[in-house]
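> Next one to model:
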Amino acid sequence: MRREDAKAELIGHMKVLRAFAMSLTRNSAAAEDLVQDTVLKAWTKMDGFEEGSNMRAWLFTILRNTFYSDRRKAAREAEDADGVLAGQLAEKPAHDGRLQLADFRAAFDRLPPEQREVLTLVGALQYSYEEAAQMCGVKVGTVKSRLNRGREALAVALHLDGDGPIEMTDAVTHGVVTANGSSAA
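Residues are numbered from 1 along each chain as shown. From the prediction side, this is the model:
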């Protein structure tokens, strides 16, 4: 692939890279750093990219691996031994029939990164189970399991009983919370 073509395609994926990074890091500055690290790694390893393969999947894999490597490194450097972070979690009041974005974000942020990752890929970005499995380096069954556990945890945290419609205007959030919003089967 020519450098100019690669550069143009790389730039075309920046928006979804930022969204994916934000879903993993939950911090805009950290997400931006993660995207920059990803782009730098991708650019320096562009010769290893197979022309004709899915660049977005390749970039997501680099971003994901960078995130988990950084996370492991940070865990070795400092741990939450006294439980300060765990003490910051609070229980939300009963659901009033409308899903508020702040409530959704708080619940989403409490999910393990692996669940946030597949909810973002399959529920929000509409990747198939197979594509998400490839990007995450896991089996399709693992993606389905993480997706189901993540949706169940969100439903519990948001006090959704599944008996009525969820009143919201955001189709992406609806796709993350419900299996109906996913085109993957």
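> Which strand or helix spans residue 9?
Taking DSSP states H and E as the criterion, the element that holds residue 9 is helix 3-12.
> For the lengthiest helix in the chain, name the packing helices and strands.
If each helix of the chain is counted by residues according to DSSP state H, the longest one is helix 55-77. Under the contact definition 3 or more C-beta pairs under 8 Å, 6 or more residues apart in numbering; DSSP states H and E, helix 55-77 sits against helix 3-12, helix 14-25, helix 28-44, helix 113-118, helix 129-136. C-beta here means a position set from N, CA and C on the backbone, and glycine is covered the same way.
> pLDDT score for the nearest residue to residue 22 once chain neighbours are set aside?
Closest residue to residue 22 in three dimensions, ignoring its sequence neighbours and counting by C-beta to C-beta, 6 or more residues apart in numbering: residue 31, at 4.2 Å. Among the per-residue scores, residue 31 holds a pLDDT of 94.
> Same check on the one 5 residues further on?
As predicted, residue 36 sits at a pLDDT of 94.
> Buried residues of the helix holding residue 9, list them for me.
Neighbour counts using 16 or more other C-beta atoms under 10 Å place 6, 10 of helix 3-12 among the buried residues.
> Would you map out the domains in the protein?
By the record's domain assignment, the chain is partitioned as 3-74, 93-181 (automatic domain parsing).
> Just give me the lowest mean pLDDT stretch among those domains.
Among the domains of the chain, domain 93-181 carries the lowest mean pLDDT, at a mean of 79.
> Pretty sure residue 53 sits in a strand.
No. Counting by DSSP: H, G, I helix; E, B strand; the rest coil, one finds residue 53 to be coil, located in no strand.
> and it, how many residues sit next to it?
As a burial measure, residue 53 scores 8 neighbours (other C-beta atoms under 10 Å).
> deepest of the helices and strands packed on helix 55-77, which one?
With neighbours taken as mean count of other C-beta atoms under 10 Å, the helices and strands packed on helix 55-77 reach their highest mean count in helix 113-118, at a mean of 22.
> Tell me the helices and strands packed up against that helix.
Of the remaining helices and strands, those touching helix 113-118 by 3+ C-beta pairs under 8 Å, 6+ apart are helix 14-25, helix 55-77, helix 129-136, helix 140-157.
> Could you point out which of the ones you listed sits nearest residue 114?
helix 140-157 (5.4 Å; C-beta to C-beta).
> Chain neighbours aside, what residue packs nearest to residue 67?
Sequence neighbours aside, residue 24 is the residue nearest to residue 67 in space, at 4.9 Å (criterion: C-beta to C-beta, 6+ apart).
> Tell me which residues touch the spatially most central residue of the chain, please.
Taking C-alpha atoms, centre = their mean, the centroid of the chain lies closest to residue 117, which sits 3.1 Å from it. By C-beta atoms under 8 Å, 6 or more residues apart in numbering, residue 117 lies in contact with 23, 24, 64, 136, 146.
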